[in-house]
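Colleague: task: produce atomic coordinates for the following.
(one chain, ligands or ions: 1)
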Amino acid sequence: MRYHIWTEGCQMNEADSLKLAAGLAKLGWEEAAKAEEADLAVVNTCVVRQKAEDRAAGYMGHLRKLKEMRGGFQIAVMGCLVGPRTDDLRRRFPYVDVWARPQNFEVVLRHLMPESDLGGEFWPETFPEASGPTAFVPVIHGCNKFCTYCIVPYRRGRERSRTIEDIAREVAAACANGVREVTLLGQTVEAYGKDLAPNGNGRRPDLGDLFRTVHDTPGLARIRFLTSYPRDMTERIIRAVAELPKVCEHFNVPLQAGDNEVLARMRRGYTIEEYREWVYRIRDIVPPASMSTDVIVGFCGETEAQFLNTLGVLEELRFDKVHVAAYSPRPGTIAWRHLEDDVPQAEKMRRFHAVEELQEQIAIDLNARLLGSTQEVLVEGSKEDDAGETVYTGRNRGNKLVHFRVEEGTWKKEDWCPPSPGIGELVQVEVTRTTAWSLQGRLAAAVPA
Ligand code: SF4
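Modeller: Numbers count the residues shown, from 1 in each chain. Below is the predicted model of the structure:
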């Protein structure tokens, strides 16, 4: 039997899809490259933006046609489209065989193999064969914050941390399968541990403790973490990033808006002054830290002056990367119920492009400062360019994309530098060219494992 998984949305969904694939493999199913060749198609959905939801609905329509042509073909839908009640969904999509809420991929497995024992030892050692040197590991599920525009707490539930032991087992299994870099995931990752029982010293474990626990996992070279929520950050966690060599100095701290009135309407729980203070604290404690952020433009009632405040904050704080989105109301959220979506679409797009233009210039400037520097890069892939020369790709510690070549004679053989770096190796790259989107360079040396 063969399965195909279609995944939309965030890294949480990607991690869930990999877990489901591992479970299916354990039950003897094989992966198919497309739904047309599979007996089961799984749609792992995202509804954070309307476009993502539309894409999922469009793909489900395509699967419906396949099902009409082929007997025995099954469709499973999981992810954030699936709330606690599925009556409406079952009416809208009667051809779907099984619905599973986010992280509840076991529901799919139980539907396929009701007789199988999926408890006990089924999951702990289940980790997909590494398809690359990096892996996402969810450490806390759900979110308690209820920002007015966001559907996540309704679909993924309240914050629930996994135990440190469970996470450590998963990281060890991933590394045993060839993973070198793990990204510890949570919607608000610094909330990790707040719901766990205090440990021996009477303190609840936090993200810093988790870093320390997984830090020396054999084979592990790097630890990343996503996504930060300003009010959950603590100096203890930031200091752990500074102190632990395998924890990469990269913070993704969503700003969302640079104006206090808009932040209050979004119910983000902080002021721009508090946010700014956290950014300065991070940069003070972890001086090489690179930072990215998320911004929503055109939120309900956002005036031109308020939008200009957001641009001003971006100009002042100069992030390495900005993920910008034009606001689209999500049914069921507080904003959808109580606030008017009154910024015209054309105006939202104008603001969207204004952020993109500003950020492009900032990224050009920040990346240009790295010209001539040497960056540690984890090799994630390679391909041949038009001239038949191999170009390697990876990321530096600050999560910037790096493309590099191996130029004969430009690296020192006595540094035992391999002539063709393997996927998953750490190497040093000398930066010879930069753009807003990436760094380019040549291999300088390998980093001892
Ligand atoms: Fe959504 Fe706010 Fe939670 Fe982020 S912090 S997942 S935006 S509710």
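Colleague: for the longest helix seen in the chain, packing partners?
Modeller: Scanning the chain for the longest helix, with DSSP state H as the assignment, gives helix 345-368. Here helix 345-368 touches strand 290-297, helix 304-317, strand 321-326, strand 426-434, going by 3 or more CB pairs under 8 Å, 6 or more residues apart in numbering; DSSP states H and E. Bear in mind the C-beta positions are built from the backbone N, C-alpha and C, glycine included.
Colleague: again, only this time at 6 Å
Modeller: Under the contact definition 3 or more CB pairs under 6 Å, 6 or more residues apart in numbering; DSSP states H and E, helix 345-368 sits against strand 290-297, strand 321-326.
Colleague: okay, the ones you listed in JSON lines with mean neighbour count next?
Modeller: Listed next are these as JSON lines, based on neighbours: other CB atoms under 10 Å:
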{"stretch": "strand 290-297", "mean neighbour count": "22"}
{"stretch": "strand 321-326", "mean neighbour count": "18"}
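Colleague: which one of the ones you listed lies closest to Gly72?
Modeller: Closest approach to Gly72 among the helices and strands packed on helix 345-368 (CB to CB): strand 321-326, 40.0 Å.
Colleague: I'd like the average pLDDT over that closest one.
Modeller: What strand 321-326 shows for mean pLDDT is 96.
Colleague: following that strand, which helix or strand comes up?
Modeller: Per DSSP states H and E, the first helix or strand lying C-terminal to strand 321-326 is helix 334-338.
Colleague: that next one vs the ligand: in contact?
Modeller: No. Looking at helix 334-338 against the ligand by CB under 6 Å from any ligand atom, there are no contacts, and the closest approach is 9.8 Å.
Colleague: swap in stretch 78-97?
Modeller: No. Stretch 78-97 stays clear of the ligand (CB under 6 Å from any ligand atom), getting no nearer than 10.5 Å.
Colleague: how close does the residue nearest to Leu317 when sequence neighbours are not counted sit to Thr183?
Modeller: Using CB to CB, 6 or more residues apart in numbering and skipping residues adjacent in sequence, the residue nearest Leu317 is Val279, 5.4 Å away. Distance from Val279 to Thr183, counting by CB to CB, to the nearest Å: 21 Å.
Colleague: which SS class is the residue nearest to Leu317?
Modeller: helix (DSSP: H, G, I helix; E, B strand; the rest coil).
Colleague: that one contacts Glu316, correct?
Modeller: No. In this structure, Val279 is not within contact of Glu316 by CB atoms under 6 Å, at 9.4 Å.
Colleague: more neighbours: the two, which one.
Modeller: Val279 (21 against 10; other CB atoms under 10 Å).
Colleague: what pairs with the strand ranked longest in the chain, parallel or antiparallel?
Modeller: Longest strand of the chain, by residue count under DSSP state E: strand 374-384. Using DSSP bridges, the strands paired with strand 374-384 in its sheet are strand 390-395 (antiparallel), strand 426-434 (antiparallel).
Colleague: so for the ligand, which of the helices and strands packed on helix 345-368 sits nearest?
Modeller: Closest to the ligand of the helices and strands packed on helix 345-368, according to CB to the nearest ligand atom: strand 290-297, at 8.4 Å.
Colleague: got the angle for that closest one vs helix 304-317?
Modeller: Strand 290-297 runs at 170 degrees relative to helix 304-317, counting by axes from the mean of the first three to the mean of the last three CA atoms, to 10 degrees.
Colleague: identify the residues contacting strand 290-297?
Modeller: Applying CB atoms under 6 Å, 6 or more residues apart in numbering, the contact partners of strand 290-297 are 250-256, 319-327, 351-352, 355, 398.
Colleague: now do that strand and strand 321-326, the angle between them.
Modeller: Interaxial angle of strand 290-297 relative to strand 321-326 (the same axes, to 10 degrees): 10 degrees.
Colleague: which stretches of the chain have low pLDDT?
Modeller: 119-131, 408-420, 445-449 (pLDDT under 70).
Colleague: got phi/psi on Met60?
Modeller: Per-residue torsions, Met60: phi -60, psi -40 (degrees, to the nearest 10).
Colleague: burial of it, as a residue count?
Modeller: Met60 has 20 neighbouring residues, counting by other CB under 10 Å.
Colleague: any idea how far it is from Leu40?
Modeller: Separation of Met60 from Leu40 (CB to CB): 14 Å.
Colleague: got it, and Arg90?
Modeller: Taking CB to CB, one finds Arg90 at 18 Å from Leu40.
Colleague: ok, those two, which is more surrounded?
Modeller: Shown here are Arg90 and Leu40; by other CB under 10 Å, Leu40 has more neighbours (23 against 11).
Colleague: what secondary structure does Arg236 sit in?
Modeller: Counting by three-state DSSP, the backbone at Arg236 sits in helix.
Colleague: return the residues of the stretch 51-200 of the chain in contact with the ligand.
Modeller: The stretch 51-200 of the chain has residues 143, 145-147, 150, 152-153, 187-188 near the ligand, with proximity defined as CB under 6 Å from any ligand atom.
Colleague: could I have the buried ones of the residues you listed as ChimeraX selection syntax?
Modeller: Selection of the buried residues among those in ChimeraX, burial being defined by 16 or more other CB atoms under 10 Å:
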select :143,145,147,150,152,153,187,188
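Colleague: and the residues of the stretch 51-200 of the chain next to the ligand, which of them are in strands?
Modeller: Among these, none falls in strands (DSSP E).
Colleague: residues near Met78, how many?
Modeller: 26.
Colleague: again with Asp195
Modeller: Number of residues near Asp195 (other CB under 10 Å) recorded here: 14.
Colleague: what pairs with the closest residue to Asp320 other than its chain neighbours across the strands?
Modeller: Spatial nearest neighbour of Asp320, excluding adjacent residues (CB to CB, 6+ apart): Ser290 at 4.4 Å. In this entry, Ser290 is beta-bridged to His250, by DSSP bridges.
Colleague: ok, Ser290 to Ala363 distance?
Modeller: Taken as CB to CB, the span from Ser290 to Ala363 is 11 Å.
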